[in-house]
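**Q** Okay, sequence plus prediction incoming.
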Amino acid sequence: MKIFFDPADVPADFGSSVVAIGKFDGVHSGHRAVIDRARVTATESDASVVAVTFDRNPLSLLRPEACPENLVSVHQKIALLADSGVDAALVLRFDEALASLTAREFVQLVLVDALRAVCVMVGDDFRFGRGGSGTPAVLVELGSEFGFDVEVVGDVQGGGRRVSSTWVRELLAAGHVEDAARLLGRPHAVRGEIVHGLKRGRELGYPTANLAREVEGFVPADGVYAGWLIDEGSDDDPLASATRYPAAISIGTNPTFDDVTVRQIEAYVLDETDLDLYGHTVQVQITHRIRGMVKFEGIDALIETMTDDVAAVRAALRDGR
């Protein structure tokens, strides 16, 4: 997939395109419905499929007090868009200059001059242009003027509710990672660098890989989870292939010891005691919730429960439930 960060980056010989526009936070099944429709139309039109998105939620600039936490980082979003089958992504910097463009100026700059769109796909809640004045209806009018078609893709529904990033965020915040995965079409994941921790897990017989405090991706509710740790390697070995390990994952502040002041994510790779991941970037895919975070009265009770947790993680990953 080709990646552009400015309309001027799109080469003059790029050719015509079918464009899907949106925030694409999480690239969930609703987003992919728009992209899938764009792929069908692109095949019919012999055009490239381009996802146009933003480097941040526009609300972070327009209404920061109402801006939710992102489900994924820009890096994660680009990777997910690549997996969705688009040919290129144009990741626009949402700043004052972009926010000040009128709907017509946005269409002229991005869709007409840069991407030579033959068809544009949007959801029915899509808004663009200064003050959010651009609606799907306005886009249809501008398409007629500039010579491209517009298709408004209806919502994907589930359980009587529209599939949305808000819904996914609510599920993750409650620890319902399996329900969130159904909306996403894949397990939710966080990504970060492995750093040194207190090494308490090693003392208890379950050495863990600790993610740095700043991670990419929305962190689910505190608790113990089953999932996978994907080692992407280090900057010293950028060509190393990724390795996937089954893992028991802990999210929280370790209340039994009461000396961790911020939430942390740590993963015990099953049956691995000498794995050296320090300085590596890893992705932690969170597939099943095992239990909530509790405070134990004593180390023995904690170790006994950790042993049970690891057995439950094995069963969850084996059964895929």
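**A** The structure has been received and is ready for your questions. Residues are numbered from 1 along each chain as shown.
**Q** Listing request: residues of the stretch 101-250 of the chain with sub-threshold pLDDT.
**A** Applying pLDDT under 70 to the stretch 101-250 of the chain flags residues 198-203, 237-240.
**Q** what separates stretch 80-92 from the chain centre, distance-wise?
**A** Between the centre of stretch 80-92 and the centre of its chain there are 13 Å (Cα atoms, centre = their mean, to the nearest Å).
**Q** contacts for that stretch?
**A** The contact list for stretch 80-92, computed with Cβ atoms under 8 Å, 6 or more residues apart in numbering, reads 1-7, 9-10, 14, 17, 20, 24, 26-27, 31-32, 35, 38-39, 42, 48-55, 72, 74, 78, 98, 110, 114-115. Where you see a C-beta, it was placed from the backbone N, CA and C, and this is true even at glycine.
**Q** Take these and keep only those in helices.
**A** Assigned to helices by DSSP state H, the following of the contacts of stretch 80-92 qualify: 31, 32, 35, 38, 39, 42, 74, 78, 98.
**Q** From these, pick the one nearest residue 232.
**A** Distance to residue 232 across the ones in helices among the contacts of stretch 80-92 (Cβ to Cβ) is lowest for residue 78, with 14.4 Å.
**Q** re earlier: any of the contacts of stretch 80-92 buried? List them.
**A** Buried by 16 or more other Cβ atoms under 10 Å: 1, 4, 7, 10, 14, 17, 20, 24, 26-27, 31-32, 35, 38-39, 42, 48-54, 72, 78, 98, 110, 114-115, out of the contacts of stretch 80-92.
**Q** so of these, which ones are in strands?
**A** Secondary structure from DSSP state E places 4, 17, 20, 48, 49, 50, 51, 52, 53, 54 of the buried ones among the contacts of stretch 80-92 in strands.
**Q** Do a quick rundown of the helices in this protein.
**A** Under DSSP H, the chain gives helices at 29-45, 59-62, 74-83, 96-99, 103-106, 136-146, 165-173, 177-184, 200-203, 299-319.
**Q** you'd agree residue 196 is up against residue 210?
**A** Yes. Counting by Cβ atoms under 8 Å, residue 196 touches residue 210, with 7.2 Å between them.
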